[in-house]
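[1] Provided below for reference: sequence and predicted model.
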Amino acid sequence: MEIPSLAELKKDLSYLSEKELITLITDLAKFSRENKAFLYFKLNERDQPGLFVDSVKEELEEAFQTANTKNYHLGKKAAQAIRRKLNKALKLSKNKADQTELILFFCEELKKYGYLKFKHPVINNLFQVQLGKAKKLISGLHEDLQSDFSYRIEELE
């Protein structure tokens, strides 16, 4: 079976009634936690613009607090797992400022919780790659935001 293009799906959706669309969207939300989170944030982002960033920060903070960092191997595995959570969250937001904020938060937490003290190449590379992503995102933002985020990057380096 060949999956139709997004344009074809949009066309088919335009023929559905409001009730059918609601049923379809709720069925999609049941498939995965990410779909449900995406729907929740999209429905509430107009009323609470910082809701997405705050909830992701909470989730990442909790993951950093519960992570096992007794040695470099466990620290590396924990950092990689937390980065995977970050990447899933980044897919839910198209806002570059929010993405930059979350990536910088991740880097700051890596530094705060002592992951960089292991001087493990995987952890250091993970940190540098995330900083590179943040710098790339910052270059496309408004000048005021660029200066704010650049200051935070300088503190991390």
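    Cool, got the structure.

[2] Let me see the ranges of the helices in this structure.
    Along the chain, counting by DSSP state H, helices occupy 6-14, 18-31, 33-44, 51-66, 72-91, 96-112, 121-138, 143-156.

[3] highest average neighbour count across these?
    Across these, the average number of neighbours (mean count of other Cβ atoms under 10 Å) peaks for helix 96-112, which reaches a mean of 20. (Glycine included, C-beta is placed from N, CA and C.)

[4] that older thread, and the helices of the chain as JSON lines, adding mean pLDDT?
    Converted to JSON lines, those look like this (pLDDT from 0 to 100):
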{"stretch": "helix 6-14", "mean pLDDT": "90"}
{"stretch": "helix 18-31", "mean pLDDT": "90"}
{"stretch": "helix 33-44", "mean pLDDT": "84"}
{"stretch": "helix 51-66", "mean pLDDT": "90"}
{"stretch": "helix 72-91", "mean pLDDT": "90"}
{"stretch": "helix 96-112", "mean pLDDT": "91"}
{"stretch": "helix 121-138", "mean pLDDT": "90"}
{"stretch": "helix 143-156", "mean pLDDT": "83"}
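
[5] for Phe127, what are its contacts?
    Cys107, Leu110, Lys111, Tyr115, Leu116 (Cβ atoms under 8 Å, 6 or more residues apart in numbering).

[6] which one of the residues you listed is nearest Arg83?
    Leu110 (9.1 Å; Cβ to Cβ).

[7] quick one, what contacts that closest one?
    By Cβ under 8 Å, 6+ apart, the contact list for Leu110 reads Ala79, Leu116, Ile123, Leu126, Phe127, Gln130.

[8] same check, this time on Leu28
    Listed by Cβ under 8 Å, 6+ apart, the contact set of Leu28 reads Asn35, Leu39.

[9] ok, 10 Å please
    By Cβ atoms under 10 Å, 6 or more residues apart in numbering, the residues touching Leu28 are Asn35, Lys36, Phe38, Leu39.

[10] Can you name the two of those that sit furthest apart?
    With distances taken as Cβ to Cβ, the most widely separated pair in the contacts of Leu28 is Lys36 and Phe38, at 7.3 Å.

[11] picking up where we left off before, now, which of the contacts of Leu28 sits nearest Thr23?
    Nearest to Thr23 among the contacts of Leu28, counting by Cβ to Cβ, is Leu39 at 13.5 Å.

[12] these two touch, right, that closest one and Ala29?
    Yes - applying Cβ atoms under 10 Å, one finds Leu39 in contact with Ala29, separated by 5.0 Å.
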